[in-house]
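Undergrad: have a look; sequence and predicted model below, questions after that.
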Amino acid sequence: MATFPATLPRPSASGYAVNPIDQTIRTDMEAGAARARRRTTTRNDKVNVLWVMTDAQLAIFRTWFDNAAEAVGGASWFTISLPIGTTGLVSCTARFVGAFKVDHIAGLNWSVTAELELR
């Protein structure tokens, strides 16, 4: 399994959010209250991350993301250390949900945002 490059920065606290996935399913009834039941016991959170990278770091990130042996264009699972509300940084298994977005900040600095799903 691929690992997020140690040479790249950790996600910034700004823009970072953990979004737990709803583990229940509801069925509306013709009369009375809706029926609710647990869909899964697996915890699959989604995390919005923001990295501030230099030009050189962005080049490393893009190479790692596109590499067929690493993130495989975002389709492959990888390990990354993230704060998920337990005890500081935790090693998580994640993959990208869709494409990442890059915005120019100033000079040779870039803001990279993405949504990750955790398992």
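TA: Structure's in. What do you need? Small disclaimer: the values here were computed from a predicted structure and weren't measured. Numbers count the residues shown, from 1 in each chain.
Undergrad: next secondary structure element downstream of the lowest-mean-pLDDT helix or strand in the chain?
TA: Least confident element among the helices and strands of the chain, by mean pLDDT, DSSP states H and E: strand 17-19 (a mean of 67). The helix or strand immediately downstream of strand 17-19 is strand 24-27, counting by DSSP states H and E.
Undergrad: pull the number of nearby residues for Leu116.
TA: 22 (other Cβ atoms under 10 Å). All C-beta atoms are positioned from the backbone trio N, CA, C, and that covers glycine.
Undergrad: which strand or helix spans it?
TA: Using DSSP H and E, Leu116 falls in strand 109-118.
Undergrad: just the C-alpha atoms of that strand, please, in CSV.
TA: The C-alpha coordinates for strand 109-118 follow below in CSV (Å, rounded to 0.1, in the frame of the first residue of the first chain):
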residue,chain,number,x,y,z
ASN,A,109,3.1,28.8,-2.8
TRP,A,110,0.0,26.8,-3.6
SER,A,111,-3.2,25.8,-1.7
VAL,A,112,-4.2,22.1,-2.5
THR,A,113,-7.6,21.0,-1.3
ALA,A,114,-9.1,17.5,-1.5
GLU,A,115,-11.7,15.2,0.0
LEU,A,116,-10.5,11.9,1.4
GLU,A,117,-12.5,8.9,2.5
LEU,A,118,-11.2,6.9,5.4
